[in-house]
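Chemist: got a sequence here, can you model it:
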Amino acid sequence: MADDSLPALDWAPGSWQRPGAQADAPVLLLLHGLGASQEDMQAVAELLDPQRRYHLLTLNAPRRAVTLNRGYVMPAWYDLLGLGPDSAEDDAGMQAIARSLHAALAPVMRGSGLILGGFSQGAALSLYLHLHASFAARAVLVFSGYLPLRQVTPPASDNAAPIFWGHGTYDDVLPLEYAQWGEEILQRQGYAVTCRDYPMGHSIVPEEIAAAREFLAASAVQPT
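Modeler: Numbers count the residues shown, from 1 in each chain. Take a look at the predicted model:
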């Protein structure tokens, strides 16, 4: 059974407080993809915020057996049962990791704001945390992700965060249709979604990061 208590997070309390950012600046939390590590998102975080407007936080997912990969143990935020449009989803695993993250990030979430984001599975989890787990966010950044539990996407609340979604036209892991389905459902439910596609595979490109950076500025997701 996977350990969802996150017993060995590679961060120390206060380590998200970034030198050069204002004390009351929002925290930019970026979550990595399946089988990756927090180092994959650290460079993206720095490129998203060269002016040091935000505090930055990346985390390592717990290691668990992943059904999609024949039970191989790897860093994963929750189990992946399949990537098809009709594949079952690990709702219980998402709930468990959301509880663990909520407890672990309590000091961060009591600050002046949280920006959620990530790549692939980390992007999907970011959407889940905001849509289904009551994580108040000032914005959500989706890099090559998908909309989890799309059949039960709740209507947008008055304080729903704006969403940026970047995706590759040549993505052979999560095809572009996943972004199109997600955008359609989210907009139908009243969310403000900015979608951009790029001639790339399952990755992140500089043009996408620049667009996300402009999105944050346009959305006024900045310290007051």
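Chemist: CA atoms for contacts and neighbours, from now on please.
Modeler: OK.
Chemist: torsion angles phi and psi at residue 29?
Modeler: When quoted as degrees, to the nearest 10, the phi and psi of residue 29 stand at phi -100, psi 120.
Chemist: please name the bridge partners of it.
Modeler: Applying DSSP bridges to residue 29 gives these bridge partners: residue 57, residue 116.
Chemist: and the strands in this protein, which stretches?
Modeler: 27-31, 55-59, 63-66, 72-75, 114-119, 139-143, 163-168, 193-198 (DSSP state E).
Chemist: any idea how far the last one is from the middle of the chain?
Modeler: In terms of C-alpha atoms, centre = their mean, to the nearest Å, the centre of strand 193-198 is found 15 Å from the chain centre.
Chemist: that older thread, would you mind saying which of the strands of the chain lies nearest residue 20?
Modeler: Closest approach to residue 20 among the strands of the chain (C-alpha to C-alpha): strand 55-59, 8.9 Å.
Chemist: roughly how far does the residue lying farthest from the centre of the chain sit from residue 206?
Modeler: Distance from the C-alpha centroid of the chain, by C-alpha atoms, centre = their mean, peaks at residue 70 (24.7 Å). For residue 70, the distance to residue 206 equals 33 Å [C-alpha to C-alpha, to the nearest Å].
Chemist: where does the prediction get shaky in the protein?
Modeler: 1-15, 110-112, 220-224 (pLDDT under 70).
Chemist: at 50 instead, please
Modeler: Residues of the chain meeting the criterion pLDDT under 50: 1-10, 223-224.
Chemist: that older thread, in TSV: the strands of the chain, plus distance to residue 150 and mean neighbour count.
Modeler: Below are these laid out as TSV (distance: least, C-alpha to C-alpha, whole Å; neighbours: other C-alpha atoms under 10 Å):
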stretch	distance to residue 150	mean neighbour count
strand 27-31	20	26
strand 55-59	25	22
strand 63-66	21	20
strand 72-75	24	16
strand 114-119	18	26
strand 139-143	15	28
strand 163-168	15	26
strand 193-198	15	16
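Chemist: dump these to CSV, plus distance to residue 186.
Modeler: Formatted as CSV, the strands of the chain follow (distance: least, C-alpha to C-alpha, whole Å):
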stretch, distance to residue 186
strand 27-31, 21
strand 55-59, 26
strand 63-66, 28
strand 72-75, 28
strand 114-119, 16
strand 139-143, 12
strand 163-168, 9
strand 193-198, 7
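Chemist: right, so of those strands, which gets closest to residue 89?
Modeler: Closest among the strands of the chain, once you apply C-alpha to C-alpha, is strand 63-66, at 12.0 Å.
Chemist: in the protein, which spans are helices?
Modeler: 39-48, 91-104, 106-109, 121-132, 176-188, 206-218 (DSSP state H).
Chemist: how far off helix 121-132 does the longest one point, in degrees?
Modeler: So that's helix 91-104. 80 degrees (axes from the mean of the first three to the mean of the last three C-alpha atoms, to 10 degrees).
Chemist: buried ones in helix 91-104?
Modeler: 93-102, 104 (16 or more other C-alpha atoms under 10 Å).
Chemist: and which of the residues you listed is nearest to residue 171?
Modeler: Nearest member of these to residue 171, counting by C-alpha to C-alpha, is residue 94, at 24.0 Å.
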